[in-house]
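K.L.:
I'd like to go over a predicted model; first the sequence, then the structure.
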Amino acid sequence: MLGEEVFVEPFIIRLFLATIALFFLYWYTTKGFDYWKKRGIPYVKPVVPFLGSLLPLFWRPSFKVDLERYRKLGPIYGQFDGSRPVLAVADLELVREILVKEFPSFTDRRISHFLSDTDVLKSMLFVLSGEEWKQMRAVLSPCFTPAKIKRVVNIIKECAQVTAENFRTAAKSGKSVQVKKFYVTYAMDVIASAAFSVQLDSYNDPRNKFFQNAEKAFSTHFNMKYAFHQLCPRLAKWCGVQVISQEPLYYFKEVVLQIIKHRRKTGETRNDFLQFMLDTMKEDSQEPKEDIGNGNDYEKDKNSKKIANKGLTLDEAVAQSVSFFIAGYDTMASTVSYVTYLLALHPEAQDRTFEEIRDALQETKGELTYGALQEMKYLDNVISESMRLYPAVPRLERTATSDCTLGDTGIKIEKGMVIIIPTYCLHRDPNLFENPEKFDPDRFSPEERAKRDPYSYIPFGDGPRYCLGMRYALMQVKVCIVYVVANFKILKCPETKVPLDFHHGPGLMIPKKIALKFEERADKIELR
């Protein structure tokens, strides 16, 4: 009996301590759940400790969760990422306040804290913050001027031509194809060539070392690791959870270093972004900067020329090359997939796009020049409307870098608070876009654009931290679609999902499958 008592007592003590610990943990993770209630702001009531308002992301995509909350709670509402209060803002004047007017108080992105844990990642432009970001932005801006984009068009054309040939081979079977598979390899080939000076055909050679390392770096449970950082950033960092696998990044670093060494030794040059960055190590670009976004020239800083003279270090050039993957791999593949999907669903828009391409290329005798691409205004509208319906990045996030008040709302924003701007919700708002579920490229004609608040459509963000590679990204989409539409009729088939299915969880708006058929045109346009 005495032995049993000795055994039971430690068990009861451990059970008691465990219960106390659980109660303490519960209290600690829920004690702030009245944060938004105290401030009189509508909010999503958290139902599960530790998860806060994020439970629905286990079975739904984040953009659908955002839209439901936006419609229910209005343009300003609170939620909890784990135990952390987060504010969603979809009021257009306040969006402008955050992105432009009060930009010094909202300079950083939340993802910066997820990716700043290695030498390769911490120097990337979209990871940097404060003065470091400002300096790097000034140095890199000359690499993305229209003149520089014009110089890389041939690289993009080569990759798009390979993609068209791959579609041609697949079309001969008469079966449907999964278009995302083709466009993932297209995005890979463009990035490899433009940022790393490596020529690939990833679709036909998926076992090449470059493609394998990219898949390894960016495809391993990305959403799960992102969600862990979103829920418990400190714990995730303490546990060493890396959103992007580190080992493959050092492979890319070595590739870039070898190319740099070769070019410095031989004096060879090439019209690619790696060369543009190498040139910044020598001297500041003399090319003029142009207006972009909503008509604001955010690069015209009185100190920008002085800052740009700093140039890039070798490690910084490597980091920016790697950043092309993070910023453009899945987003590019998804965007081109969405455009192709919508053209298949709307043959009248596809025919109009084909006719515009044919007319523009008559002037150049079939040569797809930068000037000919600039003439394809309806295709611009098609791409814009596709990004309105399916923005690859369905929300913007900014982190407050100082205590401030949000516009004239009286809402106090504390330093470190994350602000969500749910762009997908804006794009689907019937008060901003009539019949928002309808695919209508003409809503992006100059006349229609002029009727709308410019902040109703911000797929690339806005303000000083808008996407620097916007022109380049749009050019990749445009060139690829020209090659596809010029050669094929894109058709809906029994396997085509309407509406599309998407991967669950936070992060990018990634479709599960997009099945379409391709028929080679009898009246195809011979491109050169």
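P.N.:
Nice, thanks for sending it over.
K.L.:
Go through the protein and flag its longest helix.
P.N.:
For the chain, the helix that runs over the most residues, judged by DSSP state H, is helix 314-345.
K.L.:
Enumerate the positions of the helix or strand following that one that are buried.
P.N.:
Later in the chain than helix 314-345, the nearest helix or strand by DSSP states H and E is helix 347-362. Using 16 or more other C-beta atoms under 10 Å as the test for burial, helix 347-362 gives 349, 350, 352, 353, 354, 356, 357, 360, 361. (Glycine included, C-beta is placed from N, CA and C.)
K.L.:
Now do helix 347-362: everything it contacts.
P.N.:
342-344, 367-368, 372-373, 375-379, 382, 439, 441, 481-482, 485-486, 489-490, 521, 525, 527 (C-beta atoms under 8 Å, 6 or more residues apart in numbering).
K.L.:
Export the buried residues of helix 347-362 as JSON lines, with columns for distance to residue 138 and pLDDT.
P.N.:
As requested, the buried residues of helix 347-362 are exported to JSON lines (distance: C-beta to C-beta, whole Å; pLDDT from 0 to 100):
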{"residue": "349", "distance to residue 138": "40", "pLDDT": "98"}
{"residue": "350", "distance to residue 138": "42", "pLDDT": "98"}
{"residue": "352", "distance to residue 138": "41", "pLDDT": "98"}
{"residue": "353", "distance to residue 138": "37", "pLDDT": "98"}
{"residue": "354", "distance to residue 138": "42", "pLDDT": "98"}
{"residue": "356", "distance to residue 138": "37", "pLDDT": "98"}
{"residue": "357", "distance to residue 138": "37", "pLDDT": "97"}
{"residue": "360", "distance to residue 138": "35", "pLDDT": "96"}
{"residue": "361", "distance to residue 138": "38", "pLDDT": "95"}
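K.L.:
pLDDT weak spots in the stretch 51-200 of the chain?
P.N.:
Across the stretch 51-200 of the chain, the ranges flagged by pLDDT under 70 are 112-119.
K.L.:
how far does the host helix or strand of residue 385 sit from the chain's center?
P.N.:
Per DSSP H and E: residue 385 is located in helix 377-389. The chain centroid and the centroid of helix 377-389 are separated by 17 Å under C-alpha atoms, centre = their mean, to the nearest Å.
K.L.:
List buried members of the contacts of helix 347-362 by neighbour count.
P.N.:
342-344, 368, 372-373, 375-376, 378-379, 382, 439, 441, 481-482, 485-486, 489-490, 525, 527.
K.L.:
Can you tell me how far residue 32 is from residue 413?
P.N.:
16 Å (C-beta to C-beta, to the nearest Å).
K.L.:
and what of residue 104?
P.N.:
13 Å.
K.L.:
Who has more neighbours out of the two?
P.N.:
residue 413 (20 against 11; other C-beta atoms under 10 Å).
K.L.:
beta partners for that one?
P.N.:
Beta-bridge partners of residue 413, counted by DSSP bridges, are residue 404.
K.L.:
Give me the pLDDT value at it.
P.N.:
Note for residue 413: predicted pLDDT of 96.
K.L.:
which residues touch it?
P.N.:
87, 105, 400, 403, 404, 405, 406, 419 are the contacts of residue 413 under C-beta under 8 Å, 6+ apart.
K.L.:
Now the buried members of the residues you listed.
P.N.:
87, 105, 400, 404, 406, 419.
K.L.:
tell me which residues of the longest helix of the chain are tucked away?
P.N.:
If you call a residue buried by 16+ other C-beta under 10 Å, then helix 314-345 has these buried ones: 316-345.
K.L.:
try stretch 95-106
P.N.:
Neighbour-count burial for stretch 95-106 [16+ other C-beta under 10 Å]: 95, 96, 97, 98, 99, 100, 102, 103, 105, 106.
K.L.:
need the residues you listed in TSV with distance to residue 56 and secondary structure, can you?
P.N.:
Rendered in TSV, the data for the buried residues of stretch 95-106 read as follows (distance: C-beta to C-beta, whole Å; DSSP: H, G, I helix; E, B strand; the rest coil):
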residue	distance to residue 56	secondary structure
95	24	helix
96	29	helix
97	29	helix
98	25	helix
99	27	helix
100	32	helix
102	31	coil
103	31	helix
105	30	helix
106	26	coil
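K.L.:
which non-adjacent residue is nearest residue 345?
P.N.:
residue 492 (5.9 Å; C-beta to C-beta, 6 or more residues apart in numbering).
K.L.:
What distance do you get for the one you found to residue 369?
P.N.:
Counting by C-beta to C-beta, the gap from residue 492 to residue 369 is 32 Å.
K.L.:
can you pull the contacts of residue 389?
P.N.:
Applying C-beta under 8 Å, 6+ apart, the residues near residue 389 are 338, 342, 427, 428, 437, 439.
K.L.:
before we move on, what about residue 250?
P.N.:
With C-beta under 8 Å, 6+ apart, residue 250 has these contacts: residue 120.
K.L.:
Start at 76, not 1
P.N.:
Fine by me, first position is 76 from now on; the one you just mentioned is residue 325.
K.L.:
so is it in a helix, a strand, or just coil?
P.N.:
helix (DSSP: H, G, I helix; E, B strand; the rest coil).
K.L.:
before we move on, back to that, continuing past the helix holding residue 460, what's the next helix or strand?
P.N.:
strand 471-474.
K.L.:
ok, and what's touching that next one?
P.N.:
Applying C-beta under 8 Å, 6+ apart, the contact partners of strand 471-474 are 173-174, 181-188, 491-496, 498, 533, 536, 540.
K.L.:
now swap in stretch 264-279 and tell me
P.N.:
So stretch 264-279 is in contact with 227, 230-231, 233-234, 237-238, 241, 256-257, 259-261, 263, 283, 285-286, 327, 330-331, 334, 345, 347-350, 395-396, 399-400, 403-404, 407, 551, going by C-beta under 8 Å, 6+ apart.
K.L.:
Give me the PyMOL select line for these, limited to the buried ones.
P.N.:
Burial among those is assessed by 16+ other C-beta under 10 Å; the matching PyMOL selection reads:
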select buried, resi 227+230+231+234+237+238+241+256+257+259+260+261+263+283+285+286+327+330+331+334+345+347+348+349+350+395+396+399+400+403+404+407+551
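K.L.:
quick one: which of the contacts of stretch 264-279 sit in helices?
P.N.:
227, 230-231, 233-234, 237-238, 241, 256-257, 259-261, 263, 285-286, 327, 330-331, 334, 348-350, 395-396, 399-400, 403-404, 407, 551.
K.L.:
Farthest-apart pair in the buried ones among the contacts of residue 488, please.
P.N.:
Across these, the two members that end up farthest from each other (C-beta to C-beta) are 162 and 180, 13.1 Å apart.
K.L.:
Pull the distance from the strand or helix carrying residue 153 to the chain's centre.
P.N.:
Using DSSP H and E, residue 153 sits within strand 151-156. The chain centroid and the centroid of strand 151-156 are separated by 22 Å under C-alpha atoms, centre = their mean.
K.L.:
what does stretch 558-575 give?
P.N.:
That offset, for stretch 558-575, works out to 24 Å (C-alpha atoms, centre = their mean).
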